[in-house]
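Student: Build the 3D model from these lines:
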Amino acid sequence: MVVVILLWGSALYSLATGPTGNWYLPPAYVITALLGPVPLLWLSREFGDLQRGRFRRLLRVDIAPPPRPGGRWTPWRPWLAGGTWRQFGYHLVAGVLLPVAVLGLPFWARGLARVDAALARRLLGPSVAEQLAVRVEALARSRADLMAAADAERRRIERDLHDGAQQRLVHLAMNLGMARESLRDLPEPARLVIEQAHDEATAALTALREFVRGLHPAVMNDRGLDAALSGIVATSPVPVRLTVRVEPRCSASIEAIAYFTVSEALTNIAKHASARSAAVSVARSGDRLRIVVTDDGRGGATLARGSGLTGLGQRAAAVDGTMTVHSPPGGPTVITVELPCE
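Tutor: Reported below is the predicted structural model:
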């Protein structure tokens, strides 16, 4: 590295003072001056790896390498990386300090080693911004993994309930229904017990089906968000106009959040808004999914802590989405949620 720097500096000095000698020297100086920084920057990372190995072996100082620039490789990509320029600066400084450390008195060695280690940590390692960027990327990946795991767990619970407890309740309700119809000659108390048991089993089955559908509607896996939201709208006590334009489909976890958002919003409208009608619009624009839920109720809805909309905002924020609520007193109320599609 020092040899390359000396050659480049010599070429710049020769051009500044005026090249003399053979005819081929001026072009050689120009080429060296122009192309000299290129191998310097390309070699900065390789020499940086050697320097980090030296600190690890000799001084027990472990320095993490700065992240390499992402994207497609191009000849000028090393020039755009801040870590490359910092490592280049270290090589320039170390090229002056290290010979002094070798030739200096022994009592200077420890101090120079500390200075060298401090420079290495500052210039050979990742900057604070790069460390934060790596940390944010790692957190984003872990959060995405958690969201995917939670969605997979909801699917598993929905499947187990559908194939296990729900089927048992279906058989129980069928058997009680047949007993209710066929055993009419039983005493009145026994007949009343069978009728009550049949009614309770039917109600429990209905409640379980609602719970299973709230976990993760099976229809969304096969037919998408449009079919799943149509099921919510069909059972809403408030008339709802539904518009869905989502092509291509978003990821499964985003579809699940969109489904729960619309479901909770319509539940809040039915319970608190005193609305006569509502509308739901779900549309994809580029890599964003936009959900708009409106109603003509009494308004006054807020995102304040403790309100029914707090959970919806938290769901959106968990995937870097946003949620806004416009609900003046007297209405109408407009809830807008935007989610990343992936």
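Student: Which helix or which strand is home to the residue nearest the centre of the chain?
Tutor: Nearest residue to the geometric centre of the chain (Cα atoms, centre = their mean): Ala140, 4.1 Å. In this assignment (DSSP states H and E), Ala140 forms part of helix 128-163.
Student: Next: Ala283.
Tutor: With DSSP H and E as the criterion, Ala283 is inside strand 278-285.
Student: Distance from that strand to the middle of the chain?
Tutor: Computed by Cα atoms, centre = their mean, to the nearest Å, the chain-centroid distance of strand 278-285 equals 23 Å.
Student: Please enumerate the strands of this protein.
Tutor: Under the criterion DSSP state E, the chain contains strands at 240-245, 278-285, 288-295, 322-326, 333-340.
Student: Of the ones you listed, which is nearest Val61?
Tutor: strand 333-340 (40.4 Å; Cβ to Cβ). C-beta: built from backbone N, CA, C; applies to glycine.
Student: is it true that Ala273 touches Pro332?
Tutor: No. Judged on Cβ atoms under 8 Å, Ala273 makes no contact with Pro332 at a distance of 9.4 Å.
Student: Please enumerate the shared neighbours of these two.
Tutor: Listed as contacting both Ala273 and Pro332 by Cβ atoms under 8 Å, 6 or more residues apart in numbering are Asp295, Gly297.
Student: So between these two, which is more surrounded?
Tutor: Ala273 (23 against 18; other Cβ atoms under 10 Å).
Student: Which residue is the nearest non-sequential neighbour of Glu247?
Tutor: Counting by Cβ to Cβ, 6 or more residues apart in numbering, Arg284 is the residue found nearest to Glu247 once chain neighbours are left out, at 6.7 Å.
Student: Please enumerate the helices of the chain.
Tutor: Assigned by DSSP state H, the chain shows helices spanning 2-17, 25-35, 37-58, 77-80, 82-103, 106-123, 128-163, 165-182, 188-215, 218-223, 225-235, 252-268, 310-317.
Student: Averaged pLDDT, the shortest one. What do you get?
Tutor: On average, the pLDDT along helix 77-80 is 56.
Student: low pLDDT regions in this structure?
Tutor: The chain contains residues with pLDDT under 70 at 1-44, 68-85, 88, 91-112, 162, 212-216, 304-308.
Student: returning to what we had before: and the strands of the chain: which comes nearest Glu130?
Tutor: It's strand 333-340; of these, that one is closest to Glu130 (Cβ to Cβ) at 23.9 Å.
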